[in-house]
Structures are given as structure tokens and as C-alpha cells.
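>>> Output the structure for:
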Amino acid sequence: MKKVGFSGTLDPITNGHLWVIEEARTMADEVVVFISENPFKRCQFSAEKRQQIVQQSCAERNWKNVTVIVVRGDYTARAAKKHGVDYLLRGIRNTTDFDYENLLQQANVDVINGAKTLFVMPPRDLGSVSSSFIKGLQGPVGWHWHTKKFIPPAAYAAWIEDWLHQEWWKLWSSNDVNTLSDSVAFANQEVWFQSLMQAYRAPSRHYHNLDHLVHGLSELGVWATNCGASANEVRVLKQAFWFHDYVYGGQQTISDEEASAQAWLNSSLDLPNAETVADLIRATDHFQAQHILHPLKAILVGADLAILGQHVDVYDAYAAAIRCEYQDVPSSIYFEKRRLALIHLRQKALDQQLFESAYFAQEYNANAIENMAREIERSPSCFST
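Now for the predicted structure:
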């Protein structure tokens, strides 16, 4: 067979979709992916963005025989015929899918004289994966770790950037641009968003990256919902979390946290809250924190330390990422210092002093003790006491 097509909204493309495309590649010399743009369907990503994500996902797999086409104002089955594709490959996960696809097949062939459909059944581990299923995961703490399992890296990167962009704009009092001063503020906000994204996605950031940013902002959002925080408290906390690791691994004479606080002050993003946010950023600095009294300090630090109390696989991924961030440090030095730091933090958790916030202590203290104990035990034996 020369050409086989695959069609869908692909908002976003999932690992299940990619499996079907790979099956199509085994059947034909060329695969054409048709992305439908339906004006009556509200999508998370534009058709062009979805096209880009699919192209990147195929490139990551070195699939050079896949073409991606956006279909506007036409049925994808009819568009397929126009591009020399006589058969569309579709995945069927359950009987509901079969009933729907059977009706669609009849309409495609009998009504619009479009391409016929071939059906394949995905493996069991992809049987429940769909775009709507993945969208339903968004929201609670850890949602990004779950979605990451079901979508390709390009789709994941686009998803969290879109989510972070929405979070960013929620921080500012108005997104309406009515005056020159509003326009300048809007431009400044967008410039700083891009600067922050560039900093957190730097290749050297294996933990203090966009995942960490999404996690912390999610933690603060859930804390606010459960504890009845005011809108301004949430605003101040999230502004501080956005900036607290803006400078990381710098070579300046001041600490990274102080450099991040100064970057925030220089941004002029929120002048009424400028100093209180700067102090919150400084509160994440081990050497300055003990001298800082701030009513929201325990919450921000709690959100930052919450990673210690996550599920085992999440914690282990965090521990591995931290090692990668210090990959230039010899193992003998790294593991010794890491183990001493964990012993210190675990003792604080045992003494109920790791999380100063009652909310975060209740949520994570017990798991943090277990996680850190496990990592200490598996440290190289030459550093045991």
C-alpha cells in the first residue's frame, strides 16, 4: 500500500495516537496525518500548534515518512481522497469506539464518498488513553506527572507552557489594554514570562525546571482552596514562587535567592507588593530564612519542600534529577554531602519542624520521613556511619 492516513482532532496527540501512526507506517510507504479544524469544537491548541506538535513527535522518533496536514472546511475522509489516500487507519479501544467508528465509516463512504476505514486495536496499556481522558487529569497536585506518562514530550512541553501561561496572566489585575500605560505593562508582563520560561527550561535544570514550577504553583493553588486564602495572598505567593529559582547556579557574589529577589524588584511587575514578594523569595534561602519574619513564609517554603513527601516514584525521580544538576561534583563528595543534608532534614521532619505550615505537615511529613530514610539507606556504603 502506498499511502495510509490517520485523522483526528489530536488535541493533544497521545501515545495511543502515535501507536496507530506507527501501525500505519508498517502498512504503507507514506503516512498522512489529517488534523481537523472544527470551528464548533473548542480546542486547547490551535490547528497550527497541533500540527507542530505532531511533526515534532514524529521527528523525535525519526519517522521521516509522515506528513501532517490541517483540514479546514472539509471532511477529513474526503480530504484524504484528494491527497491520494484511500484508507484511514483508526484505533478501536472498546465497543463504544466501534459503534461510533462504524457510523463514521458509513458516513465517510456512503455519504461523502471519502476514504474507507481500517481498524486496529491498541495494546492493553493504551486502551484507556484519549485526549479527553488526559484533559481530565489536569488540576490537582501532581497532574503534570500523570499526563507525562500518556503523551509524547512535544505535547507535554506545549501543554505545561500553555498551563503556565494561563497561570501567569491570572496574577495581574487586568489583561485589558486600554491605555498606553496598560500596553506597556502588558508588554512587560509578557517579556518577563518569556524570560522566566527560558530560565526554567535551561538544559542544565534537571529539577529546578518547569516541572518544579508547575508542581509548586499547583501546591499553592490547592492550599488556597483548602485553607481559604485571600486573592492577594495567593497572588503574592505565586509571584514569589515564579521568581524564587529564576537565578539558579549563578556565579554572582550574592546568593541565587537574593539575585532572584533583586530580579523581581527590578521587574516592576507589581510595585505595591514588591518588597513583600522579595522577602518571600529570600525566605527560600537557607542562610537568610532564619532572619526573615513573613506571614506567608511557611506556606511558600512548604510548597517548595513538598517534593520530599511525594509518592515513591516521584521522589526517586526528584533525587535522580538533583544528582544530575550536580553532575560535575565527584560522587564521593556529592553523596557524602547529600546524605548529611538528608539526615538533617529527616531529623527536622521527625521533630515536626520540617514543615512550619500545619497544612503541608499533615499532607507530607510522614511520607517525607520514609522517602528520605530510604535514600539515606541506599547511599554508597562508604559514607555510612
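>>> how about residue 77, what does it touch?
Neighbouring residues of residue 77 by C-beta atoms under 8 Å, 6 or more residues apart in numbering: 7, 88, 108-109, 112, 114-115, 117. C-betas here are computed from N, CA, C, even on glycine.
>>> Now flag whichever of these is closest to residue 194.
Closest to residue 194 out of the contacts of residue 77 is residue 7 (33.9 Å), distances taken as C-beta to C-beta.
>>> Need phi/psi at that closest one.
For residue 7, the backbone dihedrals (degrees, to the nearest 10) come out as phi -130, psi 160.
>>> hang on, it packs against residue 38?
No: with contact defined as C-beta atoms under 8 Å, residue 7 does not reach residue 38; the gap is 11.8 Å.
>>> ok, those two, which is more surrounded?
Between residue 7 and residue 38, counting by other C-beta atoms under 10 Å, residue 7 is the more crowded of the two (26 against 11).
>>> For that one, give me its contacts.
Contacts of residue 7 by C-beta under 8 Å, 6+ apart are 33-36, 71, 76-77, 80, 88, 90.
>>> In strands, which of those fall?
Members of the contacts of residue 7 lying in strands (criterion: DSSP state E): 33-36, 71, 88, 90.
>>> Determine which two of the residues you listed are furthest apart.
For the ones in strands among the contacts of residue 7, the farthest-apart pair by C-beta to C-beta is 71 and 90; their separation is 15.4 Å.
>>> which among the contacts of residue 7 gets closest to residue 164?
Among the contacts of residue 7, and counting by C-beta to C-beta, the member closest to residue 164 is residue 35, at 23.9 Å.
>>> how many neighbours does the closest one have?
By other C-beta under 10 Å, 26 other residues sit near residue 35.
>>> shouldn't it be in contact with residue 79?
No: contact between residue 35 and residue 79 fails when scored by C-beta under 8 Å: they sit 10.3 Å apart.
>>> okay, and the common contacts of those two?
Residues touching both residue 35 and residue 79 by C-beta under 8 Å, 6+ apart: 69, 71.
>>> ok, residue 100 to residue 111 distance?
The gap separating residue 100 from residue 111 is 16 Å, by C-beta to C-beta, to the nearest Å.
>>> one step back: please list only the buried members of the ones in strands among the contacts of residue 7.
For the ones in strands among the contacts of residue 7, a burial check counting by 16 or more other C-beta atoms under 10 Å picks out 33-36, 71, 88, 90.
>>> Can I get those residues in CSV including distance to residue 192?
Below are those laid out as CSV (distance: C-beta to C-beta, whole Å):
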residue, distance to residue 192
33, 36
34, 38
35, 32
36, 36
71, 37
88, 45
90, 44
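>>> As a markdown table, those residues with pLDDT and distance to residue 373 would be great.
Below are these laid out as a markdown table (pLDDT from 0 to 100; distance: C-beta to C-beta, whole Å):
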| residue | pLDDT | distance to residue 373 |
| --- | --- | --- |
| 33 | 98 | 48 |
| 34 | 97 | 53 |
| 35 | 96 | 49 |
| 36 | 91 | 52 |
| 71 | 95 | 55 |
| 88 | 94 | 54 |
| 90 | 89 | 49 |
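>>> Closest one of these to residue 19?
Using C-beta to C-beta, residue 90 is the member of those that sits closest to residue 19, with 11.9 Å.
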